[in-house]
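Q: could you look at this predicted model? Sequence included:
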Amino acid sequence: MRPSGYQSTVESLILRVCPGDRRQVLRRLLELSVNAWCSSDGSLQVEINNDVEAAQIYSVLQQFVASRAELVDWLEQCWN
């Protein structure tokens, strides 16, 4: 039973990902058990059920859209 005041929220997000990267992004999200799919128009859609999934989606996308310098900076911040 859910606690009183509990509200289940599911957000749906349409991601614009380079067609060459879309399949790899989709595969990685599915490996992380994030509900994701490609629609008939080719867009990548994901469901965000909680903060952990939001962070996972952000992390996966950064691997494909961030520059090397941005990724190095992010990694250094994680170490601090």
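A: Ah, there it is.
Q: which residues touch Val25?
A: By C-beta atoms under 8 Å, 6 or more residues apart in numbering, the residues touching Val25 are 15, 17, 44, 60-61, 64. The C-beta positions use only the backbone N, C-alpha and C, and glycine is treated the same way.
Q: quick one: name whatever helix or strand follows the one helix or strand Leu29 maps to.
A: Secondary structure from DSSP states H and E places Leu29 in helix 19-31. Using DSSP H and E, the helix or strand that follows helix 19-31 towards the C-terminus is strand 36-38.
Q: so for that next one, mean pLDDT?
A: The average of the pLDDT scores along strand 36-38 is 90.
Q: could you list every helix and strand in contact with it?
A: On a contact count with 3 or more C-beta pairs under 8 Å, 6 or more residues apart in numbering; DSSP states H and E, strand 36-38 meets helix 19-31, strand 44-48.
Q: the ones you listed: lowest mean pLDDT?
A: strand 44-48 - the lowest mean pLDDT of those, at a mean of 88.
Q: what's the angle from the longest helix that the chain contains to strand 44-48?
A: Scanning the chain for the helix with the most residues, using DSSP state H, yields helix 51-65. Relative orientation of helix 51-65 and strand 44-48, computed by axes from the mean of the first three to the mean of the last three C-alpha atoms, to 10 degrees: 150 degrees.
Q: what's the angle from the next helix or strand after helix 51-65 to helix 51-65?
A: Of the helices and strands lying after helix 51-65 in sequence (DSSP H and E), the nearest is helix 68-79. Orientation check (the same axes, to 10 degrees): helix 68-79 against helix 51-65 gives 150 degrees.
Q: helix 68-79: how far from the chain's middle?
A: 18 Å (C-alpha atoms, centre = their mean, to the nearest Å).
Q: what helices or strands is that helix leaning on?
A: Against helix 68-79 (3+ C-beta pairs under 8 Å, 6+ apart) you get helix 51-65.
Q: ok, residues contacting the helix it packs on?
A: Here helix 51-65 has contacts from 13, 15, 17-18, 21, 24-25, 28-29, 32, 34, 46-48, 70-71, 74, using C-beta under 8 Å, 6+ apart.
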